[in-house]
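Engineer: Would you be able to build a 3D model of this:
(one chain, ligands or ions: 2)
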Amino acid sequence: MAVLQSAEPGESTAPHEHRLAVGIDLGTTNSLVASVRSGVAETLPDEAGEHIQPSVVHYGETILVGREAEKLAIQDPKNTLQSIKRFMGRSLQDADKSSLYDFDANSESVPRIITRQGSVTPIEVSAKILEALKLQAERTLGDELTGAVVTVPAYFDDAQRQATKDAAKIAGLHVLRLLNEPTAAAIAYGLDSKEEGNIVVFDLGGGTFDVSVLRLHKGVFEVLSTAGDTALGGDDFDDLLLELLLEKSGISTTASLSANTLRALKTEAKSLKELLSEHDQVKVDFSYDGLSIKTDVTKQQFNELSDGLLKKALLICRKAIRDAGIDLADINNIVMVGGSTRMPVVREKVSDFFKRPVLINIDPDKVVAIGAAIQADVLAGNKSQGEMLLLDVLPLSLGVETMGGLVEKIIPRNTTIPVAKAQEFTTFKDGQTAMMVHVLQGERDLVDDCRSLAKFELRGIPAMVAGAAKIRITYQVDADGLLNVSAQELQSGIQAEIQVKPSFGLSEDEVTTMLKASQANVQDDVRARSLREQKVEAQRVIIAIDSALAADGDTLLSDEEKQKIVEARENLYKTSQADNEDVIKEAIELCEQVSADYVARRMDQNIKTAMAGHNIEEYK
Ligand code: ADP
Ligand code: MG
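Structural biologist: Ligands and ions are numbered 1, 2, ... in the order given. Reported below is the predicted structural model:
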């Protein structure tokens, strides 16, 4: 395969040198690092011999990460940041304000949490965790790392993935690739060595539940569906036990308890839960700050309490399977992931639901890191070519031509295939009934600098005003590297498509040359892109003025006003023929200034037309 190779161009390694690469499971609750040593993938311990690090950072006099940080959660909750993964790639608006941290109200888009060491972003907090894992690995392996595969939930969007990559960069890690957590788990079980199959990955962690349905086809994983609940996890089981403990000690509400007592009680409930995974009955002897609880809790009691949460999880499984478009009988393997799947009741219920045994041989809290390590080993070039075909990637981005000879990337380079991505576009002119779809490959911003793969036209778009039609363009690359592009107008449903073979005729050398060119030309491209964008904007303004003047220029404007607008439009037209971005910008601004009143009058008129025959009260 010339184009769809797994290694980055120019990065293949000499066979004798072993490159140190690790897999990192950056979890909401816990994080781990693993590596392949002497052919075996295993998680790496820290100095204290612990493999699992709580994803906790404490900002005090100094910055502490992991277990040391977690110990301070009770006494210094506001400076002890936990579950930070929930905020990754999210804006302050999306952030869950119910968490107990103080958010900086001035943070613009990225939320900032106020700590004793100043305000910090979720990316920086994650970077601290990654940095600690990197050190932990380098200490054990005895050398610097060449790269890491970092796992992310399958449902993470671009912003969340980018935030994770940024965190790795800050931590000084070279990210070989982000890998979906369920795929990593499947790799750990060696399921990738099979030819075909449907795999369900059931991941019940500390605070989140994710279920993914994967399809393995010709050695490539495809995510068929994901479902889950971002507020269902081990913590909820802890809460059930916390309530039980309070009930047994006659306390009806947590309102009377201090934040610190509550944290201490939660910690007690959590260890009680974990003990109940091993024992049929556990003695509780808790005392903190004047509150004392002495009682016995049985596994039976706990299982009964858990029933509601498990029903909820299984309902989500059902949805994932339905979304994947397969039947229960089509499932070949169920992989258990996440510390909470250590609970025997979880294993039983899931196994009952799928009517088959579930895979539990590999530690459910280590399985993701182990799979990531196996993948890192392959990507670092420690495996022979033959074994590298597992996850193929696109070596160059695939994009579509947009107005002004610009390329909009639809699928970025290095995306694992098979993949499908869609983006919506719209019409540029009033009454436009056809649209050209020009498929391009390459990293550069201008059509002329990319490789043209195919062109086709979508005809029969219903005539609408500019910008009203919704045209969805979908790029789909299958496991064999074949690209299928389709365009559909969403209102009428009309559709056109074409199949392209992107690998045709492009050698590895050509790929390398194109990549080098794209890096060398970044500056030029940025300038060229913004000039073209300005020209497109100019064209849009001219078209808008023309169509407005034709519609009501004579009724809404005096001759003098109209004259001014026409002059500004002529000026804009002239400047847009030359290549001075600033001058075009000024000409656009002038057009906007002289037509501001006109725009307002048109708006009034439109509202009047729309409200004709209605009572003003209806709109209040
Ligand atoms: P995440 O993926 O969210 O980082 P993990 O997979 O590490 O989380 O799972 C953490 C959860 O697993 C915690 O709620 C913890 O209490 C739970 N857990 C760990 N060990 C056990 C056990 N033996 N029995 C029950 N729950 C456990
Ligand atoms: Mg996890």
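Engineer: Can you report how many residues lie near Arg139?
Structural biologist: When counting by other C-beta atoms under 10 Å, one arrives at 12 neighbours for Arg139. In this view, the C-beta of every residue, glycine as well, is placed from N, C-alpha and C.
Engineer: Leu276 too?
Structural biologist: Leu276: 24 neighbours (other C-beta under 10 Å).
Engineer: Isn't it up against Asp296?
Structural biologist: No. Leu276 is beyond contact range of Asp296, at 11.3 Å (criterion: C-beta atoms under 8 Å).
Engineer: Identify the contacts common to the two.
Structural biologist: Between them, Leu276 and Asp296 share these contacting residues under C-beta atoms under 8 Å, 6 or more residues apart in numbering: Val282.
Engineer: give me the low-pLDDT residue ranges for the stretch 451-600 of the chain?
Structural biologist: Counting by pLDDT under 70, the stretch 451-600 of the chain contains low-confidence ranges at 479-482, 500-523.
Engineer: go again using 80 as the cut-off
Structural biologist: Applying pLDDT under 80 to the stretch 451-600 of the chain flags residues 478-482, 498-526, 600.
Engineer: what about the helices in it?
Structural biologist: Assigned by DSSP state H, counting those that start in this stretch, the helices in the stretch 451-600 of the chain fall at 508-520, 522-556, 559-575, 581-611.
Engineer: same question, the stretch 1-150 of the chain
Structural biologist: 67-71, 122-141.
Engineer: For ligand 1, see how far away the residue in the stretch 351-500 of the chain that ligand 2 sits nearest to is.
Structural biologist: Using C-beta to the ion, Val368 is the residue of the stretch 351-500 of the chain that sits closest to ligand 2, at 5.8 Å. Separation of Val368 from ligand 1 (C-beta to the nearest ligand atom, to the nearest Å) stands at 8 Å.
Engineer: picking up where we left off before, possible to save the helices of the stretch 451-600 of the chain as CSV with distance to Asp210 and mean neighbour count?
Structural biologist: Below are the helices of the stretch 451-600 of the chain laid out as CSV (distance: least, C-beta to C-beta, whole Å; neighbours: other C-beta atoms under 10 Å):
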stretch, distance to Asp210, mean neighbour count
helix 508-520, 34, 15
helix 522-556, 37, 16
helix 559-575, 52, 16
helix 581-611, 46, 14
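Engineer: Ligand 2: which of those helices is closest?
Structural biologist: Counting by C-beta to the ion, ligand 2 lies closest to helix 508-520 out of these; the figure is 33.8 Å.
Engineer: Buried by neighbour count: which residues of the helix or strand harbouring Gly308 qualify?
Structural biologist: Element membership of Gly308, judged by DSSP states H and E, is helix 299-324. For helix 299-324, a neighbour-count test (16 or more other C-beta atoms under 10 Å) marks 299, 302-303, 305-306, 309-310, 313-314, 316-317, 320-321, 324 as buried.
Engineer: ok now it, how far from the chain's centre?
Structural biologist: 25 Å (C-alpha atoms, centre = their mean, to the nearest Å).
Engineer: Likewise for stretch 576-587?
Structural biologist: Per C-alpha atoms, centre = their mean, the centroid offset for stretch 576-587 relative to its chain is 38 Å.
Engineer: before we move on, back to that, the helix holding Gly308 vs ligand 1: in contact?
Structural biologist: No. Helix 299-324 lies apart from ligand 1 when judged by C-beta under 6 Å from any ligand atom; the minimum separation is 10.0 Å.
Engineer: got the contact list for the next helix or strand after that helix?
Structural biologist: Helices and strands here follow DSSP H and E; after helix 299-324, the next one along the chain is strand 333-337. Residues outside strand 333-337 that contact it (C-beta under 8 Å, 6+ apart): 181-182, 185-186, 189, 191, 197-205, 346-347, 350-351, 354, 356, 358-360, 364, 367-368.
Engineer: Using PDB, write out the CA atom coordinates for strand 333-337.
Structural biologist: The C-alpha trace of strand 333-337 is given here as PDB (Å, rounded to 0.1, in the frame of the first residue of the first chain):
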ATOM      1  CA  ASN A 333     -16.800 -10.800  22.400                       C
ATOM      2  CA  ILE A 334     -17.600  -8.600  25.400                       C
ATOM      3  CA  VAL A 335     -14.600  -6.900  26.900                       C
ATOM      4  CA  MET A 336     -14.900  -5.600  30.500                       C
ATOM      5  CA  VAL A 337     -13.000  -2.400  31.200                       C
END
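Engineer: Okay, buried residues for the helix or strand just after it please.
Structural biologist: From strand 333-337 onward toward the C-terminus, using DSSP H and E, the following helix or strand is helix 344-354. Using 16+ other C-beta under 10 Å as the test for burial, helix 344-354 gives 345-347, 349-350, 353-354.
Engineer: tell me which parts of the chain are close to ligand 1?
Structural biologist: Going by C-beta under 6 Å from any ligand atom, the residues of the chain near ligand 1 are 27-30, 205-208, 234-235, 270, 273-274, 277, 338-340, 342-343, 365.
Engineer: Quickly list what His422 is bridged to.
Structural biologist: Quick fix: residue 422 is Ala, not His. Beta-bridge partners for Ala422, by DSSP bridges, are Thr474.
Engineer: I'd say it and Thr474 touch.
Structural biologist: Yes. Contact criterion C-beta under 8 Å: Ala422 and Thr474 qualify, at 4.2 Å.
Engineer: how about the closest residue to Ile331 other than its chain neighbours, secondary structure?
Structural biologist: Closest residue to Ile331 apart from its sequence neighbours, by C-beta to C-beta, 6 or more residues apart in numbering: Asn198 at 5.0 Å. What DSSP: H, G, I helix; E, B strand; the rest coil gives for Asn198 is strand.
Engineer: do the same with the one 4 residues further on
Structural biologist: For Phe202, the secondary structure call by three-state DSSP comes out as strand.
Engineer: next one: the one 5 residues further on
Structural biologist: In three-state terms, and counting by three-state DSSP, Gly207 is coil.
Engineer: what's the spacing between the residue in the stretch 51-200 of the chain that ligand 2 sits nearest to and Gln162?
Structural biologist: The nearest approach of the stretch 51-200 of the chain to ligand 2 comes at Glu181, 6.2 Å away (C-beta to the ion). Distance, Glu181 to Gln162, using C-beta to C-beta, to the nearest Å: 17 Å.
Engineer: Among the two, which residue is more densely surrounded?
Structural biologist: The neighbour comparison of Glu181 against Gln162 (other C-beta under 10 Å) goes to Glu181, with 28 against 15.
Engineer: quick one, what contacts the more buried one?
Structural biologist: 25, 151-154, 201, 203, 210, 212, 337, 368.
Engineer: Ala259: neighbour count?
Structural biologist: 11.
Engineer: which one is it nearest to, not counting chain neighbours?
Structural biologist: Pro77 (6.1 Å).
Engineer: Also Leu309?
Structural biologist: Nearest non-adjacent residue to Leu309, counting by C-beta to C-beta, 6+ apart: Asp236, 5.6 Å away.
Engineer: So which residues make contact with the helix or strand containing the one you found?
Structural biologist: Under the criterion of DSSP H and E, Asp236 resides in helix 234-248. Helix 234-248 has contacts (C-beta under 8 Å, 6+ apart) with 29, 204-207, 252, 254, 265-266, 268-270, 272-273, 284, 286, 293, 295, 297, 301-302, 305-306, 309, 338-340, 343.
Engineer: now it, how far from the centre of its chain.
Structural biologist: Here helix 234-248 is found 32 Å from its chain centre; the criterion is C-alpha atoms, centre = their mean.
Engineer: again with stretch 215-222
Structural biologist: On the basis of C-alpha atoms, centre = their mean, stretch 215-222 sits 21 Å off its chain's mean C-alpha point.
Engineer: What of stretch 132-148?
Structural biologist: Remark: stretch 132-148 is offset 26 Å from the chain centroid, using C-alpha atoms, centre = their mean.
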